[in-house]
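> Got a sequence here, can you model it:
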Amino acid sequence: MDIRILAAIAAGVAFVIAAVLYKIFIPVLRKVKLGQKILEIGPSWHKCKEGTPTLGGLFFTLAALVAIAAAYAFGKDGGLGITPLALVFGFALLNGLIGFVDDYVKLFKKRNKGLSAGQKLVLQFLAGALYLWFAVTYGNCDTDITLPWGGVLRCGVFYYVIMLLAMTYITNCANLTDGIDGLAGSIAFIIGVTFFIFGINGGGAEMAILSAAVCGALAAFLIFNFHPAKIFMGDTGSLFLGGYAVGLVMLTGSEFILLPISALWIMEGLSVVIQVISFKLTGKRVFKMSPIHHHFEKCGWSEVKIVAVFSLVTALFCALAYWLMSMNAANTILQ
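Numbering: from 1, shown residues only. Now for the predicted structure:
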């Protein structure tokens, strides 16, 4: 079956399932009061969001899973590979599971900070190490980092250290981005569209199907998450999306693409690092608040404006990433 038809099936199934789940469960979650607790350190005007249902990421994850299974059922006889699908989605699920445990602790154990930073990092390092082993052993990865302009960095055993740190950092940065209505979902949607376009233009059917399924589910989620949000994705969703994007980059065999494809996430993370270091060393803050989207909120930007501007920046970096992926693919063919 044609890859575009399979992708349309994946996107359509994911969208319908996610939309139905949100229509059913948002009122249920409100009724049982499984809502977001707003931290005191957040912007004061976010207090009105307290009680908004969370766990939205659980539903778009389930919808994407069913959609990928449906697409595979239709496309397996045409050569659609199970290994890339299982590797990438499995890694995303592992990260989503870590986020789900964190959300569970917040919602049911009433510990507002969830898992400790150390607990999260240990679990994420284990998930990343497991993924890297499978990706190198059974997937499209080796211990070299291919540069888009030609040439290769032969990293050997250091590949695992470099990639494990990068994967964990970027996944956590995706989590930091989930601070205002529609932001994390919009950025991940644009990243997914980029991978989908690359997938149908030579990047591989598996990449196109994975991206179509996640984008379809995210499209339904964003209907309910744009300002004013009726549901939040929680750590379940943000860590799943970070793992999905990182896993797909590894699928391309172009690890260098992690930098532009996740540039906005990296900026969010760096703003926190800079803020903490500056305050510890000088007692002064560089930003009015971090992550940086809160700085712009403090400057008077509306949530809608922040989402629009950050999405545009993401789209520009994704265009750069697409160009670099295309260069790398062309260089691989020439070699």
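> Any figure for the gap between residue 90 and residue 298?
Relative to residue 298, residue 90 is positioned 39 Å away (criterion: Cβ to Cβ, to the nearest Å). Glycine gets a C-beta too; all of them are placed from N, C-alpha and C.
> Residue 12 too?
Here residue 12 is placed at a distance of 41 Å from residue 298 (Cβ to Cβ).
> Next: residue 200.
41 Å.
> So those two - more neighbours on which side?
residue 200 (20 against 11; other Cβ atoms under 10 Å).
> Can you give the distance of the helix or strand harbouring residue 165 from its chain's centre?
Under the criterion of DSSP states H and E, residue 165 resides in helix 158-176. Distance of helix 158-176 from its chain centroid, counting by Cα atoms, centre = their mean, to the nearest Å, is 12 Å.
> hmm, who's touching that helix?
Contacts to helix 158-176, defined as Cβ atoms under 8 Å, 6 or more residues apart in numbering, come from residues 95, 99, 120-121, 124-125, 128-129, 131-132, 143-145, 155, 184, 187-188, 235, 238-239, 241-243, 245-246, 250, 255, 258, 262, 265-266, 268-269, 272, 291.
> so for it, what's the average pLDDT?
In this model, helix 158-176 carries a mean pLDDT of 94.
> Would you mind listing the buried residues in it?
Within helix 158-176, the residues scored as buried using 16 or more other Cβ atoms under 10 Å are 159-160, 163-164, 166-176.
> Find the residue ranges of this protein scoring beneath the pLDDT cut-off.
Under the criterion pLDDT under 70, the flagged ranges of the chain are 35-48, 77-79, 148, 328-335.
> What is the burial count for residue 103?
A total of 26 residues lie near residue 103 under the criterion other Cβ under 10 Å.
> do residue 76 as well
Neighbourhood size, residue 76 [other Cβ under 10 Å]: 12.
> Identify the residues contacting it.
By Cβ under 8 Å, 6+ apart, the residues touching residue 76 are residue 82.
> Repeat the analysis, applying 6 Å as the threshold.
Taking Cβ atoms under 6 Å, 6 or more residues apart in numbering as the contact definition, residue 76 lies against nothing.
> Checking it next. Helix, strand or coil?
Under DSSP: H, G, I helix; E, B strand; the rest coil, residue 76 falls in the helix class.
> cool, residue 33 as well?
Using three-state DSSP, the three-state assignment for residue 33 comes out as coil.
> re the thing from before, of the contacts of helix 158-176, which belong to helices?
Restricting the contacts of helix 158-176 to those inside helices, with DSSP state H as the criterion, leaves 95, 99, 120-121, 124-125, 128-129, 131-132, 184, 187-188, 235, 238-239, 241-243, 245-246, 250, 258, 265-266, 268-269, 272.
> Filter those down to the buried ones and hand me the PyMOL line.
In PyMOL syntax, the buried subset of these is picked out as below (16+ other Cβ under 10 Å):
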select buried, resi 95+99+120+124+128+131+132+184+187+188+235+238+239+241+242+243+245+246+250+258+265+266+268+269+272
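> buried set for stretch 107-118?
Using 16+ other Cβ under 10 Å as the burial criterion, the residues of stretch 107-118 that qualify are 107, 114, 115.
> Need the distance between the two termini of it.
Terminal residues of stretch 107-118 are spaced 20 Å apart (Cα to Cα, to the nearest Å).
> Could you do stretch 224-231 as well?
First residue to last in stretch 224-231 (Cα to Cα) measures 6 Å.
> change the start of the numbering to 8 and stick with it
Shifting the count to begin at 8 puts that one at stretch 231-238.
> which residues touch that stretch?
With Cβ under 6 Å, 6+ apart as the contact definition, stretch 231-238 has outside contacts at 29, 33, 59, 60, 63, 188, 189, 192, 310, 311.
> Of those residues, just the buried ones, PyMOL syntax please.
Buried members of the contacts of stretch 231-238, identified by 16+ other Cβ under 10 Å, are gathered into one PyMOL selection as follows:
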select buried, resi 29+33+59+60+63+188+189+192+310
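> the inter-axis angle of the strand or helix carrying residue 200 versus helix 165-183?
Here residue 200, judged by DSSP H and E, is contained in helix 190-205. Interaxial angle, helix 190-205 versus helix 165-183 (axes from the mean of the first three to the mean of the last three Cα atoms, to 10 degrees): 130 degrees.
> what's helix 190-205 packed up against?
Applying 3 or more Cβ pairs under 6 Å, 6 or more residues apart in numbering; DSSP states H and E, we find helix 190-205 packed against helix 212-232, helix 241-259, helix 310-341.
> Before I go, just wanted to say thanks for your time.
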